[in-house]
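Trainee: Need coordinates for the following:
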Amino acid sequence: MKKIAVYCGAAAGNDPAYQQATIELGNYLAAHKLELVYGGGGVGLMGLLANQVLAAGGKVHGVMPQELVDRGAAFNKLTDLKIVANMSVRKQTMLTLADGCLALPGGPGTLEEIIEAFSWARLGNNPNPCVFYNVKGYYDPLKNMFDEMTTKEFLTTADRKKLLFSDSLTTIFAFMADYVPPKIRTYSDSKAM
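Mentor: The predicted model follows:
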């Protein structure tokens, strides 16, 4: 494992615990020689994380759509910045560059990106582990939703075990190190119901 894609808010959130967890993650990545792959912004938790990884001697790779670069969102201190056509290409590029996917607290964009990464893992299009850094229970409602999907048999128990919610970086990176992608689903011919 060499590079971790981190999805996080362009806002900082209203609880200092989110910022503290972001700083701890940045220090952890740099100390363990794990390079950061992220959206390339310089504000909110995104900017805090990139700054912390760089300050701790790590490497940061940004991936940003041209429209956001044109609006001045790009962070200018990065190890490198890939400018891509749109958000769809950004998401694919981040998955291609990374060996693991992690979501800090964030908004709809953060949620959409990590959920897509997990969905693609189930299709066989993303070999990377997906984890929610569940700072102060931020993602508990979503964890409950995934458990409900499993109870209602929209998600298999085996695949549910491939998605981690944790507030421990030690647990998170142990999960990533031991991760085996989900078995790719196959479908028999549809039969009329």
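Trainee: Which parts of this protein are strands?
Mentor: 3-7, 35-38, 60-65, 80-84, 100-103, 130-133, 163-166 (DSSP state E).
Trainee: Compare those and give me the one nearest Ala73.
Mentor: Among those, strand 60-65 comes nearest to Ala73, with 6.7 Å by CB to CB. Bear in mind the C-beta positions are built from the backbone N, C-alpha and C, glycine included.
Trainee: what's that closest one packed up against?
Mentor: Helices and strands touching strand 60-65, by 3 or more CB pairs under 8 Å, 6 or more residues apart in numbering; DSSP states H and E, are strand 35-38, helix 44-55, strand 80-84, helix 87-97.
Trainee: Tell me the strands beside that strand, with direction?
Mentor: strand 35-38 (parallel), strand 80-84 (parallel) (DSSP bridges).
Trainee: got TSV for the strands of the chain, with distance to Met94 too?
Mentor: Listed next are the strands of the chain as TSV, based on distance: least, CB to CB, whole Å:
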stretch	distance to Met94
strand 3-7	5
strand 35-38	5
strand 60-65	5
strand 80-84	9
strand 100-103	8
strand 130-133	12
strand 163-166	18
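Trainee: May I see the buried residues of the helix or strand of the chain with the lowest mean pLDDT?
Mentor: Within the chain, no helix or strand scores below helix 66-70, which has a mean of 93 by mean pLDDT, DSSP states H and E. For helix 66-70, burial by neighbour count (16 or more other CB atoms under 10 Å) applies to Leu68.
Trainee: How about stretch 172-179?
Mentor: 172-173, 175-176, 179.
Trainee: Repeat that for stretch 80-97.
Mentor: Across stretch 80-97, burial judged by 16+ other CB under 10 Å covers 81-84, 87, 90-95, 97.
Trainee: Including distance to Arg71 and pLDDT, could the buried residues of stretch 172-179 go into CSV?
Mentor: Below are these laid out as CSV (distance: CB to CB, whole Å; pLDDT from 0 to 100):
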residue, distance to Arg71, pLDDT
Ile172, 32, 98
Phe173, 34, 98
Phe175, 36, 98
Met176, 33, 98
Tyr179, 36, 97
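Trainee: Dump those to CSV, plus distance to Ala55.
Mentor: Shown next, in CSV, are those (distance: CB to CB, whole Å):
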residue, distance to Ala55
Ile172, 21
Phe173, 20
Phe175, 27
Met176, 23
Tyr179, 29
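Trainee: Which residues belonging to stretch 34-47 are considered buried?
Mentor: Buried, per 16+ other CB under 10 Å, within stretch 34-47: 34-42, 44-47.
Trainee: Can you name the residues that contact the residue nearest to Tyr18 when sequence neighbours are not counted?
Mentor: Spatially, and ignoring its direct neighbours in sequence, Tyr18 is nearest to Pro105 (4.9 Å; CB to CB, 6 or more residues apart in numbering). Contact analysis of Pro105 by CB atoms under 8 Å, 6 or more residues apart in numbering lists 8-9, 13, 18, 21, 45, 133, 135, 138-139.
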